[in-house]
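A.B. asks: sequence first, predicted coordinates after that:
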Amino acid sequence: MVAVAAAGFLSVGAAVAWWVHSPLSLRHGVVELSVERGRSAAQVAQDWVDAGVDTPAWALEAWFRWSGDARRIRAGSYAAQAGITPEALLAKMVRGDESLESVVFIEGWTFAQVRAALSRAPGLRQTLHGLDDRAVMKALGSPDLPAEGWFFPDTYRYGRGVSDRTVLLSAHEAMKRQLHGAWEQRHPDLPIRHPAEALVLASIVEKETGQASDRARIAGVFINRLRIGMPLQTDPTVIYGLGASFDGDLRKRDLQRDTPFNTYTRRGLPPHAIAMPGAQSLKAAVQPEATTALYFVARGDGSSHFSASLDEHNRAVWRYQKMPAGKPQP
């Protein structure tokens, strides 16, 4: 009888071992599940079955408990793909090997574009919908900061079910770190008084730069203008100030229309950033190139022509932007 019992026990053990290492049947190609904090082993097993794992929930629960790792299952977003075994499924949850989505924030984007990207992000729990920008910043713990510019452009990965606030907070904290690091490396005697002004200048540099190698020199032009009290006269700030009324064509009357962001009608930096600057624009703002240039104009190939005098600048404008096609260059 003892031998028979032993043989039966070995047979059951072999069956369990076979099942644990065999691929699970899935009702569709990829089964995704967000495991919430505090769920029991039985609940997690049932959640997988409800999501599309075609196996008895009691069998999964028994494996979770028999393995000794049931209490080590982590909350998170997971994906079970074809070929996954019960052993691999449990290991994935114990490691916290989440199935992550991502959202990308691009250099030069406005906060409105950031919010639009968040609203489209797959699997992201929307908690900020309906809040204005000031309320969003309050929710992030920065009620005294404007939303514009205070988020670092990067790719942010997250588990399904994570809130939009969590992702946005990561981008906000990243910008504060990046700005602090840049400010600590600033050149002495800059005509900018604190990191927030560096952020504003960096956002202008970001919008004005067509070729990466021009960033520091463009920053140098604006620093020169700030030093002598010359208006910055930069179109991107005017366009930002026009808001929804801008139709894509910047006219002379737009340059003359006074807004807090019109750097033709007002001297100094605008009230806050006009977009999200990347790391290189932050660096350029605090480590500008030493230059005598006070003007620059786009050449049409992404690069800029820099001039120290207005006469030279006017000739460059004619050459690169106004000269009729086919006419010999002066």
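C.D. replies: Thanks, I have the structure now.

A.B. asks: what residues does stretch 94-105 touch?
C.D. replies: Residues outside stretch 94-105 that contact it (C-beta atoms under 8 Å, 6 or more residues apart in numbering): 32, 69, 72-74, 76-79, 91, 114, 117-118, 121-124, 151-160, 167, 171, 276. Using the backbone N, CA and C atoms, a C-beta is placed for each residue, glycine as well.

A.B. asks: average pLDDT for it?
C.D. replies: Mean per-residue pLDDT for stretch 94-105: 91.

A.B. asks: again, but for stretch 219-230
C.D. replies: For stretch 219-230, mean pLDDT rounds to 98.

A.B. asks: can you point out the buried residues in it?
C.D. replies: Neighbour counts over stretch 219-230 (16 or more other C-beta atoms under 10 Å) mark 219-226 as buried.

A.B. asks: buried subset of the contacts of stretch 94-105?
C.D. replies: Buried subset of the contacts of stretch 94-105 (neighbour count, 16+ other C-beta under 10 Å): 32, 73, 76-78, 114, 117-118, 121, 123-124, 151-154, 156, 158-160, 167, 171, 276.

A.B. asks: show me what contacts V317?
C.D. replies: Contacts for V317 were tallied using C-beta under 8 Å, 6+ apart; they are V297.

A.B. asks: try it again at 10 Å.
C.D. replies: By C-beta atoms under 10 Å, 6 or more residues apart in numbering, the contact list for V317 reads 295, 297-298, 305, 307, 323.

A.B. asks: against H272, how distant is it?
C.D. replies: Distance of V317 to H272, given as C-beta to C-beta, to the nearest Å: 29 Å.

A.B. asks: which parts of the stretch 101-250 of the chain are strands?
C.D. replies: 155-159 (DSSP state E, counting those that start in this stretch).

A.B. asks: where do the helices sit along it?
C.D. replies: For the stretch 101-250 of the chain, helices defined by DSSP state H, counting those that start in this stretch occupy the ranges 111-120, 133-139, 164-184, 195-208, 215-228, 235-242.

A.B. asks: mind putting these into CSV with distance to E36?
C.D. replies: Formatted as CSV, the helices of the stretch 101-250 of the chain follow (distance: least, C-beta to C-beta, whole Å):
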stretch, distance to E36
helix 111-120, 22
helix 133-139, 22
helix 164-184, 15
helix 195-208, 38
helix 215-228, 45
helix 235-242, 42
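
A.B. asks: of the ones you listed, flag the one that's most buried.
C.D. replies: Neighbour counts (mean count of other C-beta atoms under 10 Å) averaged over each of the helices of the stretch 101-250 of the chain peak at helix 195-208, with a mean of 25.

A.B. asks: so which elements touch it?
C.D. replies: helix 164-184, helix 215-228, helix 235-242, helix 279-286 (3 or more C-beta pairs under 10 Å, 6 or more residues apart in numbering; DSSP states H and E).

A.B. asks: got the ones you listed as TSV, with distance to F105 columns?
C.D. replies: TSV is the format used below for these (distance: least, C-beta to C-beta, whole Å):
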stretch	distance to F105
helix 164-184	6
helix 215-228	19
helix 235-242	18
helix 279-286	13
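
A.B. asks: look up phi and psi at W19.
C.D. replies: phi -70, psi -40 (degrees, to the nearest 10).

A.B. asks: check the residue lying closest to it once chain neighbours are set aside and give its pLDDT.
C.D. replies: Closest residue to W19 apart from its sequence neighbours, by C-beta to C-beta, 6 or more residues apart in numbering: P86 at 6.7 Å. Per-residue confidence (pLDDT) for P86: 97.

A.B. asks: show me what contacts P86?
C.D. replies: By C-beta under 10 Å, 6+ apart, the contact set of P86 is 16, 19-24, 45, 48, 53, 55, 59-60, 62-64, 67.

A.B. asks: which ones among the residues you listed map onto helices?
C.D. replies: Counting by DSSP state H, the part of these found in helices is 16, 19-20, 45, 48, 59-60, 62-64, 67.
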